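S.K.: Take a look and give me a structure for this.
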Amino acid sequence: MLKLISLLLVLGLCGKTLAQESKKPILEWCLDELPPRHYFENGIAKGPLVDLMQRLATQADFELRFSPPTPPSRCLLKMKTGKTDLMTGLLFSAERAAYIKMLPFGEAKSASAFIRKDTVFPDPNNFIAGATLVLLQDRVYPAHVMQTLNAQARVIYAPTMEAALAMLWHGDADILLGPQHITEFEISKNPRYQQAVVLSPKQLENRERTVSYLGISRASPHADLAEKIQAVLKQMEQQQLPDLYSTPAMTQPTVINQPMQ
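M.R.: I've put the predicted structure just below:
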């Protein structure tokens, strides 16, 4: 009888150990709403980027969890302290790389030009020459883009996307330069901008590919997964990632059923 009890105890301990070893690490993805890429419906994250991140989690063998809708600026603060694990759609900067492991993950259209429909440029061969361009203070712009702008145009800054769109609409700026998907989403939320502001048919010369990064917090308890995640990302890119810019922004923002964090 004692032998049987001992055997059962050993088997129980082995089973508990195996269960602990097989438990996947849980990583939180900090994200805001950005339809149609990712949005929340009844508190559930949906969209093509969500599907892509779920695929990454399956192949890299971790469990993906989602933050409530959280502004990017707050997500970055949480990444500094390891209170969240992952962010997507980041552009590289030395400041960010100090607290985030930056993993290349597709291409970004971070410096897309938006204009008023009635805009007429004096020089059709160089639409930024002498123009006033409004940029966003909290956004990272590629160095080669800034070099071109500073040499040929007047650059001003707006604290928010709403302020930048207002400056463009009122004629205080000729061109708004911002992330394409984010700018299109903000335009879709305001009828007056929908009628007046469009993606410019002329864009800055794409001399260098602008890389989009997936970031994992260096303070995350799972930061050591970065190498494994990077390997899976490379495999996914070889299999061709979907074009997340191909679907136009939703005309109405999704109702958020969770409080802002």
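S.K.: distance of residue 222 from residue 46?
M.R.: Distance, residue 222 to residue 46, by CB to CB, to the nearest Å: 24 Å. (Glycine included, C-beta is placed from N, CA and C.)
S.K.: Comparing those two, which shows the higher neighbour count?
M.R.: The residue with more neighbours, out of residue 222 and residue 46, is residue 222; 18 against 15, by other CB atoms under 10 Å.
S.K.: Would you agree residue 177 falls within a strand?
M.R.: Yes: counting by DSSP: H, G, I helix; E, B strand; the rest coil, residue 177 is part of a strand.
S.K.: Mind pulling up the pLDDT for it?
M.R.: Note for residue 177: predicted pLDDT of 96.
S.K.: For it, give me its contacts.
M.R.: With contact taken as CB atoms under 8 Å, 6 or more residues apart in numbering, residue 177 is in contact with 111-114, 133-135, 141, 145, 149, 204.
S.K.: Looking at those, which one is closest to residue 83?
M.R.: residue 141 (27.5 Å; CB to CB).
S.K.: For the nearest residue to that closest one once chain neighbours are set aside, give me the pLDDT.
M.R.: Nearest residue to residue 141, sequence neighbours excluded (CB to CB, 6 or more residues apart in numbering): residue 111, at 5.7 Å. Residue 111 is assigned 87 on the pLDDT scale.
S.K.: Surely residue 111 is in contact with residue 208?
M.R.: No: contact criterion CB atoms under 8 Å: residue 111 and residue 208 do not qualify, at 10.8 Å.
S.K.: can you count the residues close to the closest residue in space to residue 149 that isn't next to it in sequence?
M.R.: Nearest residue to residue 149, sequence neighbours excluded (CB to CB, 6+ apart): residue 155, at 5.3 Å. Neighbourhood size, residue 155 [other CB under 10 Å]: 17.
S.K.: from memory residue 155 sits against residue 135, does it?
M.R.: Yes: counting by CB under 8 Å, residue 155 does reach residue 135; the two are 6.2 Å apart.
S.K.: so what sits against both of these two?
M.R.: Residues touching both residue 155 and residue 135 (CB under 8 Å, 6+ apart): residue 149.
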